[in-house]
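Trainee: I would like to see how this sequence folds:
(chains A and B)
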Protein chains: 2
Amino acid sequence: MEKVSLADAFASIDESWNPHLAGELNGQAVKLAKAEDEFVWHSHADADELFLVTAGRLRIEFRDDDDAVLDAGELIVVPRDTEHRPVAEPEAEILLFEPAGTRNTGDVENELTREELERVDG
Amino acid sequence: MEKVSLADAFASIDESWNPHLAGELNGQAVKLAKAEDEFVWHSHADADELFLVTAGRLRIEFRDDDDAVLDAGELIVVPRDTEHRPVAEPEAEILLFEPAGTRNTGDVENELTREELERVDG
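Mentor: Take a look at the predicted model:
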């Protein structure tokens, strides 16, 4: 068992929108990502996704609902099959909980897709 | 979809070691608890458990391993079947991520056991 310091872990991440693995439990993954400006519109067919903002501000846009604006210390669960686009204003640090193996860009594959996640230095 | 503010949620909790439900996803639950002094030794047969400390300091004692000492912004995953005792020094606010329905006192039932969790005001 090794604890993870969010500060140390985020300090080890040098690329925005590249989620790093901070832990796994019960088939789920805890991921940390730095966010800057816009991500891509996408959805996850089989995965509800929790966003917890630990620094900065993240706006999450939805096709069929009002935007959610999350500051540090705020979380939201985005249900599966919900098209969404995270937008950092202008930067944020975020913790994600979701099933292990959930692809960051969901149903979209592009230059932001990350399939093999690095583990954080915690 | 409703966001949860950890500050507002913790302000709505008035009892230590009484976990409140902040969200559910993929069969898992996000719980928030205020901690003060010692909890009970226990384990969870079928549940790995994540602790993320958001305020204060939490020490987690293990029968077969060194203590883990978590300050705000630090997390650890306690594997299933691992006997542990959380001890706040002297108070802490913690976020838990574990399978929905996991009993707070695990294999132990006593006056600290909470079966029906209230939902936080977020």
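
Trainee: what is whichever helix or strand residue A:32 is part of packed up against?
Mentor: Assigned by DSSP states H and E, residue A:32 belongs to strand A:28-38. Strand A:28-38 is packed against helix A:6-11, strand A:20-25, strand A:84-99, with contacts defined by 3 or more CB pairs under 8 Å, 6 or more residues apart in numbering or on different chains; DSSP states H and E. C-beta: built from backbone N, CA, C; applies to glycine.

Trainee: look up how far residue A:48 lies from residue A:81.
Mentor: 9 Å (CB to CB, to the nearest Å).

Trainee: ok so, going back, now do the buried residues in the strand holding residue A:32.
Mentor: A:28-35 (16 or more other CB atoms under 10 Å in any protein chain shown).

Trainee: got it, and stretch A:42-54?
Mentor: Buried residues in stretch A:42-54 (16+ other CB under 10 Å): A:42-44, A:47-54.

Trainee: for residue A:58, list the residues it contacts.
Mentor: Applying CB atoms under 8 Å, 6 or more residues apart in numbering or on different chains to residue A:58 gives the contacts A:35, A:51, A:69-70, A:86-89, A:92, A:94.

Trainee: list buried residues within those residues.
Mentor: Buried subset of those (neighbour count, 16+ other CB under 10 Å): A:35, A:51, A:70, A:86-88, A:92, A:94.

Trainee: need those in TSV (columns: distance to residue A:116 and pLDDT).
Mentor: As requested, the buried ones among the contacts of residue A:58 are arranged in TSV below (distance: CB to CB, whole Å; pLDDT from 0 to 100):
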residue	distance to residue A:116	pLDDT
A:35	20	98
A:51	22	98
A:70	27	98
A:86	21	98
A:87	25	98
A:88	23	98
A:92	23	98
A:94	20	98
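
Trainee: need those residues in JSON lines (columns: distance to residue B:13).
Mentor: Converted to JSON lines, the buried ones among the contacts of residue A:58 look like this (distance: CB to CB, whole Å):
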{"residue": "A:35", "distance to residue B:13": "29"}
{"residue": "A:51", "distance to residue B:13": "22"}
{"residue": "A:70", "distance to residue B:13": "21"}
{"residue": "A:86", "distance to residue B:13": "29"}
{"residue": "A:87", "distance to residue B:13": "31"}
{"residue": "A:88", "distance to residue B:13": "30"}
{"residue": "A:92", "distance to residue B:13": "26"}
{"residue": "A:94", "distance to residue B:13": "24"}
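
Trainee: out of those residues, which is nearest to chain B?
Mentor: residue A:70 (5.9 Å; CB to the nearest CB).

Trainee: quick one: name whatever helix or strand follows the helix or strand hosting that closest one.
Mentor: Counting by DSSP H and E, the element that carries residue A:70 is strand A:68-71. Per DSSP H and E, strand A:68-71 leads on to strand A:74-78 as the next helix or strand towards the C-terminus.
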